[in-house]
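Student: the following comprises the amino acid sequence and a computationally predicted model.
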Amino acid sequence: MTISFSSPITGAAVTGLTSPTYTLVADVAPVVYAKQYAVTALGGTQTGVDVHLASKPFTFTFFRPASLRTLPSVNPITGVLGAVPRNVYKLVVRKGAAPLANQNPLVMYCTISLDIPAGIDVYEPEDIRALVSSAAGAFWANASDISQSLLTGLI
């Protein structure tokens, strides 16, 4: 199975947004080992929120490593596994917004990095699923508080 965001995406409950949804269309990713989607329509009540525009992007880009790493061989003399390489995947969400009236928009970023040591995908794939599930759940459950922290600077 490959990454394919099903559209629309339902946003988490956040103060000021009522039942937010985001309609996605496939876009051209910046590199060949990524997939990108642009937000072309909004659902629910999201007063003042813009969809993707050239000068105010609203995209989801999922990157995989350019070259997937595998486990090295175990040392035949010591039986010890040497340095384990890591495969880093990233989800980057970009959202343009103006910092002040009559000013050019700037881009905000949300980057989620998944740093997976080689071999775990084969030996304990259930732990990768638990990592992703728990991280998504924590972000989802705290979406309103996280957005409030970004507004107030308080954690």
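Tutor: Here it is on my side, so go on.

Student: any regions of this protein where pLDDT drops low?
Tutor: Along the chain, the model assigns pLDDT under 70 to residues 1.

Student: which residues in it form strands?
Tutor: All strands of the chain, identified by DSSP state E, fall at 9-10, 18-27, 34-45, 58-63, 86-97, 106-117.

Student: contacts made by the third one with the rest, please.
Tutor: Judged by C-beta atoms under 8 Å, 6 or more residues apart in numbering, the contacts made with strand 34-45 from elsewhere in the structure are 2-5, 7-8, 11, 17-30, 49, 51-52, 57-64. Using the backbone N, CA and C atoms, a C-beta is placed for each residue, glycine as well.

Student: buried ones among these?
Tutor: Neighbour counting over the contacts of strand 34-45 (16 or more other C-beta atoms under 10 Å) leaves 8, 11, 17, 20-22, 24, 27, 49, 52, 57-64 as the buried ones.

Student: that older thread, any idea which of the strands of the chain is most buried?
Tutor: Among the strands of the chain, the stretch with the highest mean neighbour count (mean count of other C-beta atoms under 10 Å) is strand 58-63, at a mean of 21.

Student: how close does the spatially most central residue of the chain sit to A138?
Tutor: In the chain, the centroid-proximal residue (C-alpha atoms, centre = their mean) is L91; its distance is 2.9 Å. Remark: distance between L91 and A138 (C-beta to C-beta, to the nearest Å) = 15 Å.

Student: again with N102
Tutor: Distance from N102 to A138, by C-beta to C-beta: 38 Å.

Student: these two - which one has more neighbours?
Tutor: Neighbour totals were compared for N102 and A138, and A138 leads with 11 against 5 (other C-beta atoms under 10 Å).

Student: which other helices and strands contact the longest helix along the chain?
Tutor: Longest helix in the chain, counting residues (DSSP state H): helix 125-141. Where contact means 3 or more C-beta pairs under 8 Å, 6 or more residues apart in numbering; DSSP states H and E, helix 125-141 is packed against strand 106-117, helix 120-123.

Student: at 7 Å what do you get?
Tutor: Applying 3 or more C-beta pairs under 7 Å, 6 or more residues apart in numbering; DSSP states H and E, we find helix 125-141 packed against helix 120-123.
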